[in-house]
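# Fold the following, please.
(2 chains)
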Amino acid sequence: MSDLSKDEMVGELSRLFAEEVEAAIRYLHLSHAVRGIDHLVVGPVLKNGYEKTIEHAEVIARKIRALGAVPKLEVNLSLEPASVNAKEALEMALTFEEAALEAYQDALRRVGAEVPLEEFIRSQIVVESEHVAELKQLLVE
Amino acid sequence: MEVCRLTVDTWKEFDQNIISHSAAHHLMAVDDLVSRLGYARVSDVARQLGITRGSVSISLRPLKKAGLVEQDENRHLRLSEHGQVLVAAIKTKRHLMQRLLAQVLGVDPQQAEIDACKLEHLVSNETARQLLSFLRFLDSKEGRGREFVEAWRGGTEQGELKTGSAPTAREAESLGENAGGTGAQGSTV
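Numbering: from 1, shown residues only, chains lettered A, B, ... in the order given. Just a heads-up that it's a prediction; the model follows:
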């Protein structure tokens, strides 16, 4: 038995969908906000981050569709046309990746006995934790 | 030419203002959550503002850097002393603007709240102090304030001045004025 109604599950997934889409947009913007040699250094990392997060958003959207709903998306972004250096870009990415990880951890606490959703969220926690660890490593080295 | 220079400087100041509309809402959300729940987490702020955690985390970065928001080892947020002072001033400005617009100018209360919300973080302390002084004048028992507004409204039916609650000593203090206030006539601060 699930602790969550279908609407609640869609709500949980929609929140995660928004986190991922927003993170993807931020990665995309950051990848073009880093210039010069810094772009050569962290450009591929940011591009990879964009591809991964958009992929995650796709998976979540498919899960929402499988529940018979349409993804709800509310993003409120205004990204400044200011250039950033490699370190700033990675710190920024770490900030929103950590936020996404916490969002999955929070969602896990709420999904109760909904096994497929719980499994999916657990797998995402593993993936997001890896992203966070990679970014932390890049910021140390 | 002088006016033009002033406009450019104001625009630059506006652009560099760390307390953007969004920042003001983040600060006030932290303040509200801490006073209601005793704690504020990024997720609580995100839910309260109806935005993602990622957005909240990114928006909090400059506020933490500026020493307005602090986060403890449990990742609970709180306002620093400086942050609290700033939030108190923003709240006061919102209240004063709301009063001016709704109770004095007769703007629809809902619209007054929306407009006050847009202005609260942009109004300087100096302007807010003068506004406080003006509202005190309108609240004065001598009736001259009431007469002033009624004359302005031209004695129309909607011309009654609803004075509402007078500015408190706390509001005066948050704008850097002595708690004692300046009296009903509201001399300049």
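# all helices for chain B, in order.
B:2-16, B:21-37, B:42-49, B:53-65, B:81-98, B:109-119, B:125-139, B:144-153, B:169-174 (DSSP state H).
# which parts of the fifth one are buried?
When you say that, I think you mean helix B:81-98. For helix B:81-98, the neighbour count (16 or more other Cβ atoms under 10 Å in any protein chain shown) marks B:83-84, B:86-98 as buried. For glycine as for every other residue, the C-beta is placed from the backbone atoms N, C-alpha and C.
# Output the helices of chain B as JSON lines; include the columns distance to residue A:124.
Listed next are those as JSON lines, based on distance: least, Cβ to Cβ, whole Å:
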{"stretch": "helix B:2-16", "distance to residue A:124": "38"}
{"stretch": "helix B:21-37", "distance to residue A:124": "26"}
{"stretch": "helix B:42-49", "distance to residue A:124": "16"}
{"stretch": "helix B:53-65", "distance to residue A:124": "14"}
{"stretch": "helix B:81-98", "distance to residue A:124": "34"}
{"stretch": "helix B:109-119", "distance to residue A:124": "36"}
{"stretch": "helix B:125-139", "distance to residue A:124": "47"}
{"stretch": "helix B:144-153", "distance to residue A:124": "60"}
{"stretch": "helix B:169-174", "distance to residue A:124": "44"}
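# Chain A: which of those helices is closest?
Across the helices of chain B, chain A has its closest neighbour in helix B:53-65 (3.9 Å, Cβ to the nearest Cβ).
# Same list, the helices of chain B, but as TSV with distance to residue A:56 and mean pLDDT please.
Shown next, in TSV, are the helices of chain B (distance: least, Cβ to Cβ, whole Å; pLDDT from 0 to 100):
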stretch	distance to residue A:56	mean pLDDT
helix B:2-16	34	55
helix B:21-37	25	92
helix B:42-49	18	93
helix B:53-65	13	93
helix B:81-98	34	92
helix B:109-119	35	91
helix B:125-139	46	89
helix B:144-153	58	79
helix B:169-174	44	76
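# Select, out of those helices, the one closest to residue A:25.
Closest of the helices of chain B to residue A:25 is helix B:53-65, at 9.8 Å (criterion: Cβ to Cβ).
# any low-confidence regions in chain A?
Under the criterion of pLDDT under 70, the regions of chain A flagged as low confidence span A:1-3, A:141.
# Format the helices of chain B as CSV; extra columns: distance to chain A.
CSV is the format used below for these (distance: least, Cβ to the nearest Cβ, whole Å):
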stretch, distance to chain A
helix B:2-16, 10
helix B:21-37, 8
helix B:42-49, 6
helix B:53-65, 4
helix B:81-98, 19
helix B:109-119, 16
helix B:125-139, 26
helix B:144-153, 39
helix B:169-174, 29
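# And the ones you listed: which comes nearest residue A:96?
Nearest of the helices of chain B to residue A:96, taken as Cβ to Cβ: helix B:53-65 at 3.9 Å.
# mind listing what's buried in that closest one?
Per 16+ other Cβ under 10 Å, helix B:53-65 contains these buried residues: B:53-60, B:63.
# ok, these vs residue B:29, which is closest?
Residue B:29 lies nearest to residue B:56 out of those, by Cβ to Cβ, at 8.5 Å.
# Verify the contact between that closest one and residue B:48 for me.
No: using Cβ atoms under 8 Å, residue B:56 is not in contact with residue B:48, being 9.4 Å away.
# Now the common contact residues for those two.
Common contacts of residue B:56 and residue B:48 (Cβ atoms under 8 Å, 6 or more residues apart in numbering or on different chains): none found.
# burial count for the residue lying closest to residue B:90 once chain neighbours are set aside?
Using Cβ to Cβ, 6 or more residues apart in numbering or on different chains and skipping residues adjacent in sequence, the residue nearest residue B:90 is residue B:120, 5.1 Å away. For residue B:120, the neighbour count with other Cβ atoms under 10 Å in any protein chain shown is 24.
# Nothing else from me, thank you.
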